[in-house]
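Undergrad: After the sequence you'll find the predicted model.
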Amino acid sequence: MLLWLAPGAFAGPLSPTNIFAPASTPAQSIFDLSVFVLLVTAVIFVVVFGLLVYSVVKFRRKTDDNGREPAQVFGSTQVELAWTVIPVLIVVVLFLATARVVASIQNASQPAAAVQVTVIGHQFWWEYRYPGLKVVTANELHVPVSDPAHPSPTFLTLLSADTDHSFWVPRLAGKTDLIPNHPNSTWIEPRETGLFLGQCAQYCGTQHAKMLLRVYVQPREDFDRWIREQSQAAQLSDATRNGRMIFERAACANCHTVQGTAAKGTFGPDLTHLMSRETIASGIAPNTPETIRGWIQDPSVLKPGCLMPAMQLNPLELNAVVAYMESLR
């Protein structure tokens, strides 16, 4: 059995990406394995360093040596067996421990209460689809906390829309790659609520460093309420009708979806409940009217290399579209 240490045993001030503060079952398994490997290698280091110090002290040159060499030993079956068998046994133990953890994560069973999410990596943002719950959102993943008495893990199907990406939220699970035309999967089982941060961990282009991950772990009732709100169509009003018309006329609707309207694009993030998110542009900026305005004017200011073009709207059109975006809650 792997050594278990309390989460945060090596943590000073808690970091949102601290691998030594696991908050999910897969992350805990990886943490336990890493501690076990660290202890084994520490013992090896102490033994080897101790033998080295002993040899230096024991066989150091003495004043009465007169240049004589110490007695030479040619061949030793015992020594040769020791330096062959012991390393092989260590490697076998480490291999079996690693294989056990890998198998337990990859072959985990899915309980009835499990949440299914399809994660699609784009240059340079994340799309989240909840197929059984009819919810589509972007950049901010919401999952329920898991009750040990009634486990409710979240199983993620990982897809790529363009190039290689990698889903990594250190406190929740290990790094798992998203490969074009090759579906992959992972799962998380958070044991505490809160915001957990991560990063695309596979170089995917100019804005790879700004392809951030935000996972919100919520109590079950809060998660269910969020699902109900996200499954509703956009609330339309006469006050934002002009902005909606400009949004659809300016080709925004070709890339974005707003449920309940003519906007059905799938190339960019779903904007139906844009203002329910805390950030925009995959976590790099707060979601405020000011940042939305700057993003629409020229996304490359915030994210050079972004595939969204500057919309070239005049001030009146820009004001109307920003007002429309603010209504999408």
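TA: Arrived safely.
Undergrad: ranges for the strands of the chain?
TA: For the chain, the strands defined by DSSP state E cover 115-122, 125-130, 135-138, 140-144, 154-160, 165-167, 176-178, 184-188, 194-199, 212-218, 279-280, 285-286.
Undergrad: Output these as a markdown table; include the columns mean pLDDT.
TA: Output for the strands of the chain, formatted as a markdown table (pLDDT from 0 to 100):
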| stretch | mean pLDDT |
| --- | --- |
| strand 115-122 | 97 |
| strand 125-130 | 97 |
| strand 135-138 | 95 |
| strand 140-144 | 97 |
| strand 154-160 | 97 |
| strand 165-167 | 97 |
| strand 176-178 | 96 |
| strand 184-188 | 96 |
| strand 194-199 | 94 |
| strand 212-218 | 96 |
| strand 279-280 | 94 |
| strand 285-286 | 93 |
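Undergrad: deepest of those, which one?
TA: Mean neighbour count (mean count of other CB atoms under 10 Å) peaks for strand 165-167 among those, with a mean of 26. Where you see a C-beta, it was placed from the backbone N, CA and C, and this is true even at glycine.
Undergrad: Tally up the residues packed near the residue lying closest to Cys200 once chain neighbours are set aside, please.
TA: Closest residue to Cys200 apart from its sequence neighbours, by CB to CB, 6 or more residues apart in numbering: Met211 at 3.9 Å. If you count neighbours by other CB atoms under 10 Å, Met211 ends up with 27.
Undergrad: biggest helix in the chain, by residue count?
TA: If you go by DSSP state H, the chain has its longest helix at helix 25-58.
Undergrad: In terms of secondary structure, what does that helix contact?
TA: Judged by 3 or more CB pairs under 8 Å, 6 or more residues apart in numbering; DSSP states H and E, helix 25-58 is in contact with helix 77-106, strand 184-188.
Undergrad: pLDDT (mean, whole number) over that helix?
TA: Helix 25-58 comes out with an average pLDDT of 94.
Undergrad: Any buried residues in it, and which?
TA: Neighbour-count burial for helix 25-58, counted by 16 or more other CB atoms under 10 Å, picks out Thr25, Pro26, Ala27, Gln28, Ser29, Ile30, Phe31, Asp32, Leu33, Val35, Phe36.
Undergrad: got these as TSV, with distance to Phe196 columns?
TA: Below are these laid out as TSV (distance: CB to CB, whole Å):
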residue	distance to Phe196
Thr25	14
Pro26	13
Ala27	10
Gln28	14
Ser29	17
Ile30	15
Phe31	14
Asp32	19
Leu33	20
Val35	21
Phe36	24
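Undergrad: Next one, pLDDT for the residue nearest to Cys200 please.
TA: What the model reports for Met211 is a pLDDT of 94.
Undergrad: cool, and Gly67?
TA: 67.
Undergrad: re the thing from before, hmm, the residue nearest to Cys200 is touching Gly198, no?
TA: No. Counting by CB atoms under 8 Å, Gly198 is not a contact partner of Met211; they are 9.9 Å apart.
Undergrad: Any idea how many residues pack against His208?
TA: Residues lying near His208 (other CB under 10 Å) number 18.
Undergrad: Tell me which residues touch it, please.
TA: Phe124, Cys200, Gln202 (CB atoms under 8 Å, 6 or more residues apart in numbering).
Undergrad: Give the buried subset of those as a ChimeraX selection command.
TA: In ChimeraX, a selection of the buried entries from the contacts of His208 looks like this (16+ other CB under 10 Å):
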select :124,200,202
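Undergrad: Among the contacts of His208, which one sits closest to Val258?
TA: Phe124 (21.8 Å; CB to CB).
Undergrad: OK, contacts around the closest one?
TA: Residues near Phe124 by CB under 8 Å, 6+ apart: Cys200, Cys204, Gly205, Gln207, His208, Lys210, Met211, Ser282, Lys303, Gly305, Cys306.
Undergrad: Can I have the buried ones of those as a PyMOL selection?
TA: The following PyMOL line selects those of the contacts of Phe124 that are buried, judged by 16+ other CB under 10 Å:
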select buried, resi 200+204+207+208+210+211+282+303+306
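Undergrad: Return the closest of the contacts of Phe124 with respect to Thr41.
TA: Of all these, Thr41 sits closest to Cys200, with 29.6 Å by CB to CB.
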